[in-house]
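Student: Build me a model:
(2 chains)
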Amino acid sequence: MDNLIMATPEQRVTERVEGAAQPPANSEPAPKLTFEAKNVSIWYGQKRAIEDISLNIISKAVTAIIGPSGCGKSTFLRALNRMHELTPKTRMEGTVLLHGEDLYSKTVDPAIVRRRVGMVFQKSNPFPTMTIGENVICGLRLNGVRNQKFLNERLEKSLRMAALWDEVKDDLHKPGTSLSGGQQQRLCIARALAVEPEVILMDEPCSALDPIATAKIEELIYELKAQYTIVTVTHNMQQAGRISDYTAFFYLGRLIEFGATTAIFTNPSERQTEDYITGRFG
Amino acid sequence: MHSKRADKHTWRKIKSAVASTTAFVSAILVILPLGLVFFHLLINGISSVNWDFFTKLPAPVGEVGGGMANAIVGTLELLALAGAIGIPIGVLGGVYLAEYGSARINSVLRFLADVLNGIPSITWGVVVYGLVVLRFKSFSVLAGGLALGLIMIPLIVRTTEEVVLLVPHGYREAALALGVSRWQTIVHIVMKTASKGIITGILLALARIGGETAPLLFTAFGNRFWNHSLTQPIAALPLQIFTYAISPYDDWHRQAWAGALVLVTGIFFVNITVRILTRDRGASVA
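Tutor: Predicted coordinates:
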């Protein structure tokens, strides 16, 4: 494990060549890692979506994945909780470790992986047949939790964490779809939090929201990182700058550059990163 | 120059008027038969639809009066039995087509279901006659219910598949991302979201088989008395209408009209229920 965490993002390591940049650890304590992805490639049919990506995700921090459309950032995100397997004819190579455990080992049930690694989607998707309250606890219910007291406690806790409790506490019996777009997205975050995952993946969580709702979600992400590891995909460069501690830049299915967000945005070491961030392409 | 353009304009207006009138007349022609049938049934049948009709057994030949109580109950019994066979198989089959299976196998299954939907209903009667009636040497409720149930299966398979496919993919992903198993996701999220559509398909299938006569001719066979056993022949409204309509007695003719009126009204109400159910379906799916 120790030799894997030497390439800390603070040192702005470009991981373009696998294993090439592994300077010796300095005096700072090495951050804990949640995910270690090694040489991950994914194909959809004949088409290769991502190619040989090695990337470590640091615990209790926000990592943003940026890059132009079709660069494979969503595919990589979905590989972290095996959601990409839902697409037919997918093939994967490489390994992804979650706290040192191989997510793709034959004995691992994808459902268990997804319970540990929650996900929030681009389009808010509260279940239309359920009330606000039912939406939040449905992950627990469908996994067999019956204790009503426990469910009620978790319901309130999750909604509070998603900063939605005060807005909906009197309307828990109303349909989840009766909420506004931004509230629906926070409801989806509460629903993901209710199963107590270790990580939350967010696939462009604000791209369908107005600026005020976006600001709320960003604030929420900032608060959640005290307890959760968060990986988010975003198209919005300013957003990546505002919310993330680390940034990975993907281009054409490859990881071009990975490092602390401040470093990537102020002093990128790769020409392509600089071009993208300054808006010259993408 | 100017007048030429005006001519063109007039000509275009005429064409438009002719086209919309033709479409309107065609639309009327589509509805007309339904109106005529219902009007005719009402005129001829309403006088015989009375308390006796719903509560009494058919009267013996030569005696005026009597009713179709046994046929009404028989039709309900046959529908229940057909539903018990056709609904679970049809719904599960439709869910399989929408959620599981490979594209190639599914296109074959879908094609076969469409072929089954096109098979004349009397064929089902003959098949069940050979499989059940001959083997057990008796016409029976079971044989009639089976014949109707077999007709239901492909109908429900196709409607269920269609409405399950309408459920946005995002809901499946949301549930799976919570660590919910595939099957739980399908039952509690997908099928629940599509439930109104699935029920609509079931009701339409029931309405369709409720009026079937041919498959019952040599399976349920008909009965002038109460049926007391699943292995005995049973009366059904369409069969009773058929028997009475081809009889030489005026009183039976009137009863046949009444039976047809009751049957059509029943199916009409099922369709109204479907309309009510589907009216706000968009709200739950979209």
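
Student: and the closest residue to chain A within the stretch 1-150 of chain B, how many neighbours?
Tutor: Chain A sits closest to B:A103 of the stretch 1-150 of chain B, with a gap of 8.2 Å, by Cβ to the nearest Cβ. Using the backbone N, CA and C atoms, a C-beta is placed for each residue, glycine as well. The tally of other residues near B:A103 (other Cβ atoms under 10 Å in any protein chain shown) stands at 8.

Student: Give me the phi and psi for it.
Tutor: The phi/psi pair for B:A103 (degrees, to the nearest 10) reads phi -60, psi -40.

Student: Next one, pLDDT for it please.
Tutor: As predicted, B:A103 sits at a pLDDT of 86.

Student: Check the gap between it and A:K89 for me.
Tutor: Noted for B:A103: a distance of 10 Å to A:K89, by Cβ to Cβ, to the nearest Å.

Student: Next: B:E99.
Tutor: Remark: distance between B:E99 and A:K89 (Cβ to Cβ) = 17 Å.

Student: same deal with B:L57?
Tutor: 63 Å.

Student: The two - which one has more neighbours?
Tutor: Per other Cβ under 10 Å, whichever of B:L57 and A:K89 has more neighbours is B:L57, with 17 against 9.

Student: thought B:T278 was touching B:T200?
Tutor: Yes. With contact defined as Cβ atoms under 8 Å, B:T278 reaches B:T200; the gap is 5.6 Å.

Student: So for the two, which residue has more residues nearby?
Tutor: Remark: of B:T278 and B:T200, B:T200 carries more neighbours, 20 against 13, as counted by other Cβ under 10 Å.

Student: Mean confidence (pLDDT) on the strand or helix carrying that one, please.
Tutor: Using DSSP states H and E, B:T200 falls within helix B:195-210. Mean pLDDT, helix B:195-210: 94.

Student: cool, and stretch A:185-198?
Tutor: Rounded mean pLDDT across stretch A:185-198 is 94.

Student: Please compute how far that stretch lies from its chain's middle.
Tutor: 12 Å (Cα atoms, centre = their mean, to the nearest Å).

Student: hmm, that stretch in reach of chain B?
Tutor: Yes. Using Cβ under 8 Å from any Cβ of the partner chain, stretch A:185-198 reaches chain B at A:188, A:191-192, A:195.

Student: Just among those, which is most surrounded?
Tutor: A:R191 (31 neighbours).

Student: I'd guessed that residue sits against A:S124; true?
Tutor: No. If you go by Cβ under 8 Å, A:R191 and A:S124 don't touch, sitting 10.1 Å apart.

Student: Any regions of the chain where pLDDT drops low?
Tutor: Since you didn't name a chain, this refers to chain A. A:1-29, A:281-282 (pLDDT under 70).

Student: Chain B was what I was after
Tutor: For chain B, the stretches with pLDDT under 70 are B:1-3, B:280-286.

Student: Any residues of it in contact with chain A? List them.
Tutor: Counting by Cβ under 8 Å from any Cβ, chain B sits next to chain A at B:168, B:170-181, B:184-185, B:188-189, B:192-193, B:195, B:283-285.

Student: Of those, which belong to helices?
Tutor: B:170-177, B:184, B:192-193, B:195, B:283-285 (DSSP state H).

Student: filter those residues to the buried ones?
Tutor: B:171-177, B:184, B:192-193, B:284-285 (16 or more other Cβ atoms under 10 Å in any protein chain shown).

Student: residues from chain A in reach of chain B?
Tutor: A:81, A:83, A:86, A:111-116, A:118-119, A:121, A:123, A:125, A:127-129, A:138-139, A:142-143, A:188, A:191-192, A:195.
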